[in-house]
Each structure stands twice: as structure tokens, then as C-alpha cells.
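>>> give me a 3D structure for the following:
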Amino acid sequence: MDSSGSSDFDSRDFNMTRKVHPDRLTQRWEFQRGYKRGKKYWNRYLVIYVFKQSLYSTRLGITVSKKVGNSVKRNRLKRLIRESFRHSQRRICQGYDIIAVGRSAAVGKKCQQIQASFLELLHRAKVCKPE
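You can find the predicted model right below:
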């Protein structure tokens, strides 16, 4: 601070805007819309809610409850779900919001098991393109 009481730093140096991935659901209202108006599918490891929206891209939202485990386990499960979505993204039809909820049975499972589970749910939801 100088003698006038103002500080020397420029507020433009601290731009706090966050870049958000365009294929992700981030707002609470988007999740609520998916839960209320989306169709629910589940298996042993995951629950997904599929909601047809008017955008051209398909977006993913992920939630994992604190009941599932500590933060390390929850974050690993979120990474596995995100990777499963990335691998199956070219097979998914455009224009859907997909909310994936990790279940406690998925903790400690291999990436291939989560991918197979996620793909199975997508096929049951009929959001995959015909091959």
C-alpha cells in the first residue's frame, strides 16, 4: 500500500472467471430438470437420468454422494464415469443431458467394468446410434 491507502496491484490480474467444459452440466437447475423430467435407468454400479434437450450437443453431469466414501474414492469414481462418457461419446445421439450417479458398489472397480456398466445403461436408454 502506498501513503494514499490504495494498493499497488491491478484488479485485472486476478480474473476469477472459470472456463467450463461445454459438454458438462454445471448448474443446479440443470440437474433438477434432469432428475424431475428425465427417464431413470440403473444397474449395480450406476444410475443415469436421460433428458432430451434442444441443444445439439450431449452433456454429462456427475454426482456421487458422500455416503459412497471419502473424497479420494468419490473423485476416482467421477473420473471413471467421465472417461466412460468420453469413450462412448461418438456412439451417443446428440441432444441429450445425461446425469450419472455413482453408487457405492462401484467403488474399487476397474475402468472397464464402469465403462461396460455405463454403455449398458446407454443402450437400455436407447440413446446410442445404431451400428
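
>>> can you report how many residues lie near Gln113?
Using other CB atoms under 10 Å, Gln113 is surrounded by 15 other residues. Glycine gets a C-beta too; all of them are placed from N, C-alpha and C.

>>> not counting sequence-adjacent ones, nearest residue to it?
Closest residue to Gln113 apart from its sequence neighbours, by CB to CB, 6 or more residues apart in numbering: Tyr45 at 7.0 Å.

>>> tell me the contacts of that neighbour?
By CB atoms under 8 Å, 6 or more residues apart in numbering, the contact list for Tyr45 reads Gly102, Arg103, Ala105, Ala106, Lys109, Gln113, Ile114, Ser117.

>>> wait, what's in contact with the fifth one?
So that's Lys109. With CB under 8 Å, 6+ apart, Lys109 has these contacts: Tyr45, Leu80.

>>> do the same with the second one
Residues counted as contacts of Arg103 (CB under 8 Å, 6+ apart) are Arg44, Tyr45, Leu46, Val47, Val68.

>>> what residues sit buried inside the helix or strand the fourth one falls within?
Looking back up the chat, that one is Val47. Element membership of Val47 [criterion: DSSP states H and E] is strand 46-52. Under the neighbour-count criterion of 16 or more other CB atoms under 10 Å, strand 46-52 has Leu46, Ile48, Tyr49, Val50, Phe51 buried.

>>> and that strand, how far from the chain's centre?
Distance, stretch centre to chain centre, for strand 46-52: 11 Å (CA atoms, centre = their mean, to the nearest Å).
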